[in-house]
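Asker: Sequence isn't available, so here's the structure alone:
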């Protein structure tokens with residue numbers, strides 16, 4: 001098993017307040033964690049992890065991009081995203 005220190009986590013970019021694009025989107029629309037979690041069909045704890053940039057799969061990333069009408073992009077969700085490869 002490879003130690004976690006061998007490959008650091010690639011987390012999405014955050015603003016000066018430490019907020020991800022998904023969190024900024026939710027706050028700008030005055031949506032609670034519970035409401036956002038309900039829209040995605042996940043628990044509040046899982047949604048909170050999504051806002052922090054953890055536990056993503058492409059299916060949920062697709063749903064988030066759809067839910068936000070493209071205001072939150074894949075490059076905002078996936079840490080280490082290289083736009084040239086998209």
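Answerer: Arrived safely, thanks for sending. The model shown is predicted, which means the values in this text are computed figures rather than measured ones.

Asker: how deep is residue 14 tucked in, by neighbour count?
Answerer: 14 (other CB atoms under 10 Å). Every C-beta, even on glycine, is put in place using the N, C-alpha and C of the backbone.

Asker: Can you pull out the low-pLDDT segments for this structure?
Answerer: Applying pLDDT under 70 to the chain picks out residues 1-11, 55, 80-83, 85-86.

Asker: if we go to 90?
Answerer: Along the chain, the model assigns pLDDT under 90 to residues 1-20, 52-58, 73-86.

Asker: what about the helices in it?
Answerer: 21-28, 33-40, 44-52, 58-67, 74-77 (DSSP state H).

Asker: Flag every buried residue along the shortest one.
Answerer: Neighbour counts over helix 74-77 (16 or more other CB atoms under 10 Å) mark 74, 76-77 as buried.

Asker: Stretch 24-31 now?
Answerer: 24-26.
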